[in-house]
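*Asks:* Build me a structure from this.
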Amino acid sequence: MRLIVAFLRLVRLPNLIFMALTQLLFQFCIYYPLYRGHVPDSDLLRFILLLFASLFIAAAGYIINDYFDINIDEVNKPKKMVVDKLIHRRWAIAWHFMLSGGGIILTVLAVPFFQKWYLILANVLCVVLLWFYSTNFKKSLLTGNIVISLLTAWTILVIFFSKLDLASAFTGEHYRFFRLAILYAGFAFIISLVREAIKDMEDMPGDARYGCRTMPIVWGTNVTKVYVAVWLVVLIAVLLILQVYVMQFKWWLGIAYSIPAIIFPLLIILFKLKKSQSTDHFHRLSILTKLVMLTGILSMAFFYYYL
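*Replies:* Numbers count the residues shown, from 1 in each chain. Alright, predicted model coming up:
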């Protein structure tokens, strides 16, 4: 039982549940309402396979990250370490390869190989990026943050591209589906950029000790705070414009949810950012940012009634 709990900690079970919830909401609250009566019979099985493919690849990414981060984690979060304390490194790397391979196999089973070969290639690229993120990218200025943010956005885009042929995905016939996919993928990308930069400030002690060149180490925390603040202002501005835009459709319930559950917490993060100095301060901001990611994704539920 202890090993099972350790393994679930290693693969970040709450994060995997969050990812599954994101794809489930996109499938059932956006795709299904938009294409009622036109959903292929095989769609549900293909979606389930692709969902588990995403979860396997993500879990493998978390494992390899901890595998290469043992020294840094001993400084930043010694009480949360699993690899080499509860699970041997040999087993960790074995699970990484098994889950990565399983994710690719499930992707091949989920999509027609010749019609959607690019999705299989994209998920292979995700596996490769997660490996190099753990070994190189996360220690480099901005590179790791951008990679993780792109992979977070891909959680939504992989479902979008699995539904449509590449040639027709951007046509007027599917324009509403495309706009909603870009809206939520864009939200996921920006909020991930914000959270990764906050986590970099939180992890400075261990990162600095082992030669990482993250933004707060290279440019300092003040410049990093400005960077985070700019993205927060952009995100808040876009969300406020969206609230004004949807007023014409009288989506009052969605607006009543978005302002207190998404926009207001973003404003709190923005104002608390300036005064944050310690690791604990940045840790609390990171948790709050993750909560906003959740409330933002949960807003998909409203489209089940609006579309």
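*Asks:* Please identify the helix or strand for the spatially most central residue of the chain.
*Replies:* Per CA atoms, centre = their mean, the C-alpha nearest to the average position across the chain is that of T152, at 2.9 Å. Secondary-structure assignment from DSSP states H and E places T152 in helix 143-163.
*Asks:* ok, now I217?
*Replies:* Under the assignment here (DSSP H and E), I217 is part of helix 215-218.
*Asks:* now the following helix or strand past that helix, how far from the centre of its chain.
*Replies:* Per DSSP H and E, helix 215-218 leads on to helix 221-246 as the next helix or strand towards the C-terminus. Relative to the chain's own centre, helix 221-246 is displaced by 18 Å; criterion: CA atoms, centre = their mean, to the nearest Å.
*Asks:* Just checking, which helix or strand succeeds helix 221-246 along the chain?
*Replies:* Sequence-wise, the next helix or strand downstream of helix 221-246 (DSSP H and E) is helix 252-258.
*Asks:* and the gap between R195 and M247?
*Replies:* Using CB to CB, to the nearest Å, R195 is found at 30 Å from M247. Just so you know, the C-beta spots here come from the backbone N, C-alpha and C atoms, and that holds for glycine as well.
*Asks:* do I217 as well
*Replies:* Distance, I217 to M247, by CB to CB: 44 Å.
*Asks:* what about those two, which has more around it?
*Replies:* Set side by side, I217 and M247 show more neighbours around I217, with 19 against 11, by other CB atoms under 10 Å.
*Asks:* count of residues packed around the residue lying closest to the more buried one once chain neighbours are set aside?
*Replies:* Computed as CB to CB, 6 or more residues apart in numbering, the closest residue to I217 that is not its neighbour in sequence is A208, at 5.4 Å. The tally of other residues near A208 (other CB under 10 Å) stands at 15.
*Asks:* same question for the helix or strand hosting A208, mean pLDDT?
*Replies:* Under the criterion of DSSP H and E, A208 resides in helix 204-209. Per-residue pLDDT over helix 204-209 has a mean of 82.
*Asks:* For that helix, which residues meet the burial criterion?
*Replies:* For helix 204-209, the neighbour count (16 or more other CB atoms under 10 Å) marks 204, 206-207 as buried.
*Asks:* Check stretch 4-22 too.
*Replies:* For stretch 4-22, the neighbour count (16+ other CB under 10 Å) marks 7, 9-12, 16, 18-20, 22 as buried.
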